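Trainee: Just a sequence and a predicted model for now, questions to come.
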Amino acid sequence: TIALQHGAHRIGNRTDADMARWRSLRFGQFIHWGVYAIAGGEWNGKVYNGAAEWIRSWKEMPHEEYDKLYRQFNPVNFNPQQWASQAKDMGAKYMIITTKHHDGFCLWPSKYSKYNIAASPWKKDLLGPMIDAYNKAGIDVYLYFSIIDWNHPDYRPSLKNAADSAAGKRFQVFVKNQLAELLQRYPTIKGFWFDGTWDASWKNDGAFTDELEQYLQSIHPGLVMGSRLRADEKGARHFDSNGRLMGDYEQGWERKLPEKIEDVHGNDWEAVMTVPENQWGYHAKWMGHVKSANEILEMLVKSVSLNGNFVLNFGPKADGTFRKEEQDLMTNIGAWMKVNGDAIYNGTYAGFEKQDWGYYIRKTGTDSVYMVVFNMPVSGNLRVKMPARTYLTGVSMLQNNVPLTPELIGREEYFLRLPNKQSDVPVVILLKTSTKEGNKEGGNFEKA
Ligand SMILES: C[C@@H]1N[C@@H](C(=O)NCc2ccccc2)[C@H](O)[C@@H]1O
């Protein structure tokens with residue numbers, strides 16, 4: 001291994017209570033909200049094909065035009081209690097809010113940048129009421145913070161000379177001040193979700209990223225922060241030059257999921273996902289494929305089955321309301337979660353051989369294994385192959401406890417058949433297992 005001062009400081013996953021809590025939540029709501037929602041992906045009658053929150057970088061959008069938009073930011077329909085209530089109904093257990101995106105506009109009245117909500121017609125802090133409402137609804141809050149800040153005079157993508165380096169130093173102080181300010185103002189937040197750390201100016205100062213992470217932990221112990229904040233002293237990001245994960249979980253799963261358990265290398269990880277193909281902030285005209293509730297549920301279940309968290313993104317409008325497609329999604333996902341949430345919360349990798357019909361999820365630390373069925377076979381036979389030294393002692397439908405009688409088709413291998421083959425939502429079966437043979441009353445299941 002290479003001697004590193006600013007690589008990973010920990011072998012393996014965090015085992016403390018704050019991290020265990022993060023791991024147990026499994027399902028989060030991402031919210032991208034800011035002045036870009038005013039433009040909504042359009043300008044002067046033209047539609048921007050990129051991600052709506054990047055519209056300032058569009059050649060058709062003059063910077064000085066974008067930089068005046070905050071004067072119109074007045075979310076008169078913002079109702080944080082309603083936001084929190086619909087997130088709770090969806091079954092989200094944590095929420096990540098954009099405090100400041102790449103454009104540098106702060107949703108809180110920051111002492112360190114004038115480009116903030118106090119300068120808008122709304123004037124008032126948006127983060128405080130949001131965090132309070134979500135916490136009251138039993139939902140933890142994490143703060144998204146973009147290191148890239150197109151508004152700040154000292155931001156540089158790269159440092160080419162002494163003047164750049166002096167600006168870079170001032171910018172690092174600014175970042176540290178804003179993060180400490182957010183922790184001081186919002187003490188109940190559980191962590192940071194850093195973004196915009198790919199520029200050379202940031203990743204070439206691994207020492208600073210390391211010191212910053214340690215500083216934040218020192219003033220707010222237990223914070224959960226992903227791998228995107230750090231670089232090691234050789235500029236390696238997410239994984240240090242020895243291939244070890246930096247930060248508390250792998251944060252690179254953005255609009256993509258791992259396929260199999262080997263892809264996550266035993267690390268904690270989280271996927272963040274858009275409803276349309278690639279829009280985080282509000283875009284008036286969603287282009288391309290818009291994911292259905294069942295598609296989202298499959299991503300959530302697949303993530304948990306591979307020991308990860310899944311966060312679904314929403315882009316509220318400038319007035320503080322959510323578009324109908326997003327409201328309907330929250331309702332439909334919530335209806336399934338209300339019945340089947342037991343298979344998601346505290347879920348983890350089950351250690352069973354993957355089958356075509358769907359995914360296995362183990363309730364962490366227990367012998368309970370859930371089968372979440374997405375692909376009903378024409379035969380109606382759901383194959384279950386028990387792992388070595390693991391025995392099946394009970395099978396029932398999660399939603400109504402109706403027991404199923406498995407058909408033994410081989411050594412510790414079964415076919416299960418559902419009472420009703422038709423379903424337009426995923427179906428969950430609960431397997432009771434044991435590592436001691438013959439635990440089921442009268443031994444294990446015998447040949448039918
Ligand atoms: C969570 C998303 N991250 C921002 C983004 O720019 N992603 C594009 C990107 C993703 C990975 C490496 C570089 C750039 C998007 O604007 C969202 O905030």
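Mentor: Thanks, I have the structure now.
Trainee: So the closest residue to the ligand within the stretch 1-150 of the chain: helix, strand or coil?
Mentor: Nearest residue of the stretch 1-150 of the chain to the ligand, counting by CB to the nearest ligand atom: residue 53, 4.8 Å away. C-beta here means a position set from N, CA and C on the backbone, and glycine is covered the same way. When classified by DSSP: H, G, I helix; E, B strand; the rest coil, residue 53 comes out as helix.
Trainee: Please apply the same query to residue 303.
Mentor: helix.
Trainee: Next: residue 30.
Mentor: Residue 30 ends up strand, using three-state DSSP.
Trainee: ok, it touching residue 270?
Mentor: No. In this structure, residue 30 is not within contact of residue 270 by CB atoms under 8 Å, at 10.2 Å.
Trainee: between those two, which one's more packed in?
Mentor: Each of residue 30 and residue 270 has its neighbours counted (other CB atoms under 10 Å); residue 270 has more, 27 against 22.
Trainee: Is that one bridged to anything, and to what?
Mentor: residue 309 (DSSP bridges).
Trainee: who are the neighbours in contact with it?
Mentor: Contacts for residue 270 (CB atoms under 8 Å, 6 or more residues apart in numbering) come out as 28, 226, 249, 250, 251, 253, 308, 309, 310, 311.
Trainee: Check those and tell me the two furthest apart.
Mentor: Across the contacts of residue 270, the longest distance by CB to CB is 15.2 Å; it joins 28 and 250.
Trainee: okay, the two: which has more neighbours?
Mentor: When neighbours are counted by other CB under 10 Å, residue 28 comes out ahead of the other of residue 28 and residue 250, with 26 against 23.
Trainee: strands paired with the helix or strand residue 429 falls within, and their directions?
Mentor: Assigned by DSSP states H and E, residue 429 belongs to strand 427-434. Strand 427-434 has its sheet partners listed here by DSSP bridges as strand 368-373 (antiparallel), strand 391-397 (antiparallel).
Trainee: Show the average pLDDT along it.
Mentor: Mean per-residue pLDDT for strand 427-434: 97.
Trainee: neighbouring contacts of that strand?
Mentor: Residues from elsewhere that reach strand 427-434 (CB under 8 Å, 6+ apart): 340, 343, 367-373, 382, 384, 386, 390-399, 404, 416, 418, 440.
Trainee: redo that, cut-off 6 Å
Mentor: For strand 427-434, contacts defined as CB atoms under 6 Å, 6 or more residues apart in numbering pick out 340, 343, 367, 369-373, 390-396, 398.
Trainee: Tell me the one of the residues you listed nearest residue 422?
Mentor: Nearest to residue 422, judged by CB to CB, of the contacts of strand 427-434 is residue 373 at 12.0 Å.
Trainee: In contact with that closest one, which residues?
Mentor: The contact partners of residue 373, taken as CB under 6 Å, 6+ apart, are 357, 358, 427.
Trainee: Okay, it and the ligand: tell me how far apart.
Mentor: Going from residue 373 to the ligand by CB to the nearest ligand atom, to the nearest Å gives 31 Å.
Trainee: before we move on, the earlier item: and the contacts of residue 373, which are buried?
Mentor: 357, 358, 427 (16 or more other CB atoms under 10 Å).
Trainee: Tell me the predicted confidence for residue 420.
Mentor: 88.
Trainee: check which helix or strand covers it.
Mentor: Using DSSP H and E, no helix or strand contains residue 420.
Trainee: Next one: it relative to residue 236, how far apart?
Mentor: Going from residue 420 to residue 236 by CB to CB, to the nearest Å gives 52 Å.
Trainee: So between those two, which is more surrounded?
Mentor: Legend: neighbour count by other CB under 10 Å for residue 420 and residue 236, higher for residue 236 (21 against 8).
Trainee: tell me the pLDDT at the more buried one?
Mentor: For residue 236, pLDDT reads 98.
Trainee: Residue 356 and residue 375, how far apart?
Mentor: 6 Å.
Trainee: what's the neighbour count on whatever residue of the stretch 151-300 of the chain ends up closest to the ligand?
Mentor: The minimum distance from the stretch 151-300 of the chain to the ligand, using CB to the nearest ligand atom, falls at residue 280 (4.1 Å). When neighbours are defined as other CB under 10 Å, residue 280 has 27 of them.
Trainee: ok so it is a strand residue?
Mentor: No. When classified by three-state DSSP, residue 280 is found to be coil rather than part of a strand.
Trainee: The residue nearest to it when sequence neighbours are not counted - how many residues pack around it?
Mentor: With sequence-adjacent residues excluded and distances taken as CB to CB, 6 or more residues apart in numbering, residue 280 is closest to residue 32, at 4.0 Å. Residues within reach of residue 32, counting by other CB under 10 Å, total 23.
Trainee: Just list the residues touching residue 32, thanks.
Mentor: Here residue 32 is in contact with 53, 98, 280, 281, 315 (CB under 6 Å, 6+ apart).
Trainee: where exactly do the helices run in the chain?
Mentor: With helices called from DSSP state H, the chain shows them at 17-25, 36-39, 63-66, 80-90, 127-136, 162-185, 200-203, 206-219, 293-305, 324-340.
Trainee: Give me whichever of these is most buried.
Mentor: helix 36-39 (a mean of 24; mean count of other CB atoms under 10 Å).
Trainee: Touching that helix from outside, list them.
Mentor: Against helix 36-39 from outside (CB under 6 Å, 6+ apart): 52, 53, 55, 69, 72, 281, 282, 317, 318.
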